[in-house]
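Novice: Everything below, folded, please.
(chains A, B and C)
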Amino acid sequence: MTRPTSATSSADAPLVSVRDLTKHYGGGRGFLGASKFAVKAIDGISFDIAPGETLGLVGESGSGKSTTGRVVLQLESPTGGDVLFRGQSLVGLSPRQLKPFRREMQVVFQDPYAALNPRMTVGDFVAEPLIVHKLAKGSERADRTAELFRRVGLDPAFMKRYPHEFSGGQRQRVNIARAVAMEPSFIVADEPITALDVSIQAQIVNLFQDLQESLGIAYLFVAHDLSMVRYLCHRVAVMLRGRIVEMAPTEAIFTDARHPYTRALLSAIPVPDPDIEANRRHLAYDVDANPPAPDAALREVGPDHFLLA
Amino acid sequence: MRSFFSALLRSKAGLFGWIILSIFVLAALLAPVLGLDSPVRGSLSARLDPPTWTGLFSPGPHPLGTDQLGRDILSRIIYGSRVTLAVAAAAVILGGIVGVGLGIVAGYFRGMTDRILMRLVDIQLAFPLMLLALLVVAALGPSLRNIIIVLALTSWIRYARIIRGQVLAVREREFVQSARAIGSGTLRIMFRHILPNVLTPALVVGTLELARVIIMDAALSFLGLGVPPPAPSWGRMLADGRTYLSTAWWIVTFPGLAIVLTVLSVNLVGDWLRDYFDPKQRGLK
Amino acid sequence: MTAPLLEVKNLSVVFDTEGGTVHAVNDVSYTIEAGETLGIVGESGSGKSVHVLAMLGLIPRPPGRIVSGSVLFEGRDLLKLSEAELRNIRGGRIGFVFQDPMTSLNPVLTVERQLIEPLTRHEGLSRRKARERAVELLDLVGIPSADRRIGQYPHQFSGGMRQRVMIAIGLACSPKLLIADEATTALDVTVQAQVLDLVRDLKKRFGTTVIWITHDMGVVAGLADNVQVMYGGRIMERGPVRSIFKQPHSAYTWGLLRSLPHGETRLTKRLYQIPGQPPDLTEPPVGDPFAPRNPFATPRCFTETPPLRQIEGMAPGHQVAAWYDLPALLAAEQGTER
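Specialist: Numbering: from 1, shown residues only, chains lettered A, B, ... in the order given. Reported below is the predicted structural model:
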């Protein structure tokens, strides 16, 4: 099995390493002992993320990209393979053993409303990590929460309000404030701008970027919007049916895509320019006719450019 | 709060339910200061007096008449409501605490815990609740405390079932995942994140249960297994009065009416609460 | 010139909610010529979907209320029609496709039943004829082995195939006007591309007039002849697609286009961001709804609502609701930078 390492990560040790990760749903024995068909949500993927790096994970619904994010964070346990954080394996750890790692790895979800507890003030919600990890008490906690609000561009006066009083973009800022409360080194951002209004998306993308610059956070940016991925990510991995079919530095993916599925995906992004759109041809890729071969492995086809073949 | 009242004014049935229920609750609370006749002591000279307003021979001021021992029926209904409402509320709250607690445990942990608890619920549901209640009261003896325990015992299962279903949905919500991602412990997730989000359905189940428990309490009293005399109770008033049905219809009619009105109003309030808390019913986002 | 196919005049829609009256659509007027494809762009709360639902009689009333306006379609005012008459037009002369094919399709009826219904109802076809036509339609929207699949239930179709079924239903009675509301938003990009190709093909073959409502500027760029940008329940700008994208006159359109990455990477520049939050429509701002977020806003923008009009230097058919002259301001800004 090839173990892809990026140019950035060969200099430093990787922050996050994913090795031959698999996640199957179902399977096992069903009612009356009938064996059920297992869905391979993730089917043997490997990648590294360097400190301060953004890896884009793109794919369509059912590709396994969101599951990957949850398994990396150990919100779901993998069926096989390993997830290493600063070289330490996270798989099989108890919640208590995982707790110190939780300070370092955080998550921002797609739907900013569903991610907020509707019965908790946003101030309490943002401060919760500080309570859970006993990082601050009393007035110091209130001060730090206010500081977090300012950091993500929210007025600390909003701390006493409930989620339904906010717009989508503000809710996502609340979620981001909570995620950065413990100053993590790694955040899984699961389609964090998809549910936002167009006029708000750039605000949130810029916020992610500012936080990376000031705090050195590494991101696993799960997305289907390739134009934002191009803008935000250092490297991109393309997932199809639980496999990574291509992984390369962002520009290589956009200018020198090798896998036909990557090309189909690129050709399908609508471009906000009528002149370009007028002459575009959409490439089709029939996944059912050409699923990723079970015995295929990632091979290096260019500098840091890997292709499933 | 303003939206609560404006929503109430828009629903005639809900408003009716709230008004009737408030009247009963207020009457029960204020019974000692209403200047009513004694609900327990009667006067033999005033036996089976018809209600004053019927225009029939009626010497005393008994708006709803008197029973076979000459006790004032209005007073017995109001004092009876104290017992009935207190027993029912205590049973519903006790059952609610147990049921919601076990429902959360079953829904959150799933697996074996869930299976055991839910089979228990299934077994109890397969058993006629009335029979169960009769057996337990017969075994423990009818006292106020035992009646409450018995009624709570028939009540927790409904909470447990519904709350478990809610928890199964809530635990998959992203804020619960987010709580796990920051390293929150199980108790914290259950109390801070899940419980507050299932309280609304618990409240709705509670009102519907209240109606059911009131009827069951009346039935137990009717069968002589309710709160022991001399405390007045609606169920026993029905039982006592049924032999006089042809001569003194008022003895059973008014307690019966009281049961119907309370249960109806509680149900209306329950339905209204469900609509009120259902975000889909509440205007547009 | 013949009369337009659809003429919306001064349409205003409000919703009475507990939090107050939401002014969802404010004085919207526009026309569509037969054969035209109009892209309506806007974000949530812009009124882009609500005004269309309102003119088809599909908003719940109450809390919704049409305050004013008329919608002339083939010479009849849709807002004055009875529910029965509207039902005859919906799915007949006007076909529509909504965002979520799973909730728009009835899960317990086969696709055949759902496709045949409008055909027997509006076209008066016999069941046998209707079935033949239904298979043709599925064929047309690119569903393979339509003859077999027509007997299946919605859950047996993939997301993209389901949306094709929705389009087939929308097209069943050869509508004069097809309205699609975020019809590809829930789909994967590759599937979206196929559906858009299909719509382009249908336009070419049948000359169907299309209103395509979306938040995605990219989709509009590839599909529309004319674009109408909505914000805060108002039309901000409207005109030929090239003109809108190449020389926007509304600061909102300009900001949206600029905030989208055009193939740059983070190394080259920071994304332009529109400041602020979308307006609260229970207390709509006085004047230009975008003014509070608009760096080019003039004092007049905060006091007086600008009418939709053509200003000097605009391409034919291009109109904007603005008190400022955006290209002139941008040119001046560039001048000072140099």
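Novice: Low-confidence ranges, chain B, go.
Specialist: Applying pLDDT under 70 to chain B picks out residues B:1-3, B:52-60, B:278-285.
Novice: Find the centremost residue of it, please.
Specialist: The residue lying closest to the centre of chain B (C-alpha atoms, centre = their mean) is residue B:210, at 2.2 Å.
Novice: immediately after whichever strand or helix holds that one, which helix or strand?
Specialist: Using DSSP states H and E, residue B:210 maps to helix B:195-222. Downstream of helix B:195-222, the next assigned helix or strand under DSSP H and E is helix B:234-241.
Novice: quick one: contacts of that next one?
Specialist: B:67-68, B:73, B:76-77, B:80-81, B:84, B:217-224, B:226, B:229, B:248, B:251-252, B:255-256, B:258-259 (C-beta atoms under 8 Å, 6 or more residues apart in numbering or on different chains). Using the backbone N, CA and C atoms, a C-beta is placed for each residue, glycine as well.
Novice: ok, 7 Å please
Specialist: B:67-68, B:76, B:80, B:84, B:217-222, B:224, B:226, B:251-252, B:255-256, B:258-259 (C-beta atoms under 7 Å, 6 or more residues apart in numbering or on different chains).
Novice: Please save the CA atoms from it in CSV.
Specialist: The C-alpha trace of helix B:234-241 is given here as CSV (Å, rounded to 0.1, in the frame of the first residue of the first chain):
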residue,chain,number,x,y,z
TRP,B,234,-65.6,11.7,42.2
GLY,B,235,-65.4,8.0,41.5
ARG,B,236,-67.0,7.0,44.8
MET,B,237,-69.7,9.6,44.4
LEU,B,238,-70.6,7.9,41.2
ALA,B,239,-70.6,4.5,42.9
ASP,B,240,-72.6,5.7,45.9
GLY,B,241,-75.2,7.5,43.8
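Novice: How far away from the center of its chain is it?
Specialist: Computed by C-alpha atoms, centre = their mean, to the nearest Å, the chain-centroid distance of helix B:234-241 equals 18 Å.
Novice: Name the residues of that helix that are buried.
Specialist: Across helix B:234-241, burial judged by 16 or more other C-beta atoms under 10 Å in any protein chain shown covers B:234-241.
Novice: Include distance to residue A:112 when you put those residues into a markdown table, please.
Specialist: Below are the buried residues of helix B:234-241 laid out as a markdown table (distance: C-beta to C-beta, whole Å):
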| residue | distance to residue A:112 |
| --- | --- |
| B:234 | 52 |
| B:235 | 53 |
| B:236 | 58 |
| B:237 | 58 |
| B:238 | 57 |
| B:239 | 60 |
| B:240 | 63 |
| B:241 | 62 |
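Novice: closest to residue A:40 among the residues you listed?
Specialist: Of all the buried residues of helix B:234-241, the one sitting nearest residue A:40 is residue B:235; the distance, using C-beta to C-beta, is 61.6 Å.
Novice: Next, work out how far apart the closest one and residue C:25 are.
Specialist: Counting by C-beta to C-beta, to the nearest Å, the gap from residue B:235 to residue C:25 is 59 Å.
Novice: repeat for residue B:43
Specialist: Counting by C-beta to C-beta - residue B:43 and residue C:25 are separated by 73 Å.
Novice: who's more crowded, the two?
Specialist: When neighbours are counted by other C-beta atoms under 10 Å in any protein chain shown, residue C:25 comes out ahead of the other of residue B:43 and residue C:25, with 34 against 15.
Novice: In three-state terms, label the more buried one for me.
Specialist: Counting by DSSP: H, G, I helix; E, B strand; the rest coil, the backbone at residue C:25 sits in strand.
Novice: Give me the local confidence score for it.
Specialist: pLDDT, residue C:25: 92.
Novice: ok, it to chain A distance?
Specialist: Distance from residue C:25 to chain A, counting by C-beta to the nearest C-beta, to the nearest Å: 18 Å.
Novice: Any idea what that residue is bridged to?
Specialist: Per DSSP bridges, the residues bridged to residue C:25 are residue C:13.
Novice: ok, it - contacts?
Specialist: C:11-13, C:47, C:50-51, C:54, C:233.
Novice: Take those and keep only those in strands.
Specialist: Using DSSP state E, the subset of the contacts of residue C:25 located in strands is C:11-13.
Novice: Quick check: of the residues you listed, which lies closest to chain A?
Specialist: Proximity of these to chain A was ranked by C-beta to the nearest C-beta; the top entry is residue C:13 with 20.0 Å.
Novice: The closest one: what's it in contact with?
Specialist: C:24-25, C:50-51, C:54, C:59, C:64-67.
Novice: If you rank those residues by neighbours, which is first?
Specialist: Ranking those using other C-beta under 10 Å puts residue C:25 first, with 34 neighbours.
Novice: now that one: how far from residue C:77?
Specialist: Going from residue C:25 to residue C:77 by C-beta to C-beta gives 17 Å.
Novice: Next up, phi/psi of the residue nearest the centre of chain C, please.
Specialist: Closest residue to the average C-alpha location of chain C: residue C:213 at 2.1 Å, with C-alpha atoms, centre = their mean. Main-chain torsions, residue C:213, degrees, to the nearest 10: phi -100, psi 130.
Novice: Now do the contacts for it.
Specialist: Counting by C-beta under 7 Å, 6+ apart, residue C:213 touches C:40, C:48-49, C:52, C:180-182.
Novice: ditto for residue C:273
Specialist: If you count contacts by C-beta under 7 Å, 6+ apart, then residue C:273 has A:202-203, A:206, C:259 around it.
Novice: same thing with residue C:170?
Specialist: So residue C:170 contacts C:95-97, C:178 (C-beta under 7 Å, 6+ apart).
Novice: please redo it, this time with the cut-off set to 10 Å
Specialist: With C-beta atoms under 10 Å, 6 or more residues apart in numbering or on different chains as the criterion, the residues that contact residue C:170 are C:91, C:94-98, C:104, C:118, C:137, C:141, C:178-180, C:183, C:208.
Novice: So which of the residues you listed sit within helices?
Specialist: The members of those that map onto helices under DSSP state H are C:104, C:118, C:137.
Novice: Now do the strands in chain A.
Specialist: Going by DSSP E, chain A shows strands at A:16-26, A:38-49, A:54-58, A:80-85, A:88-89, A:105-108, A:186-190, A:218-223, A:235-240, A:243-249, A:298-302, A:305-308.
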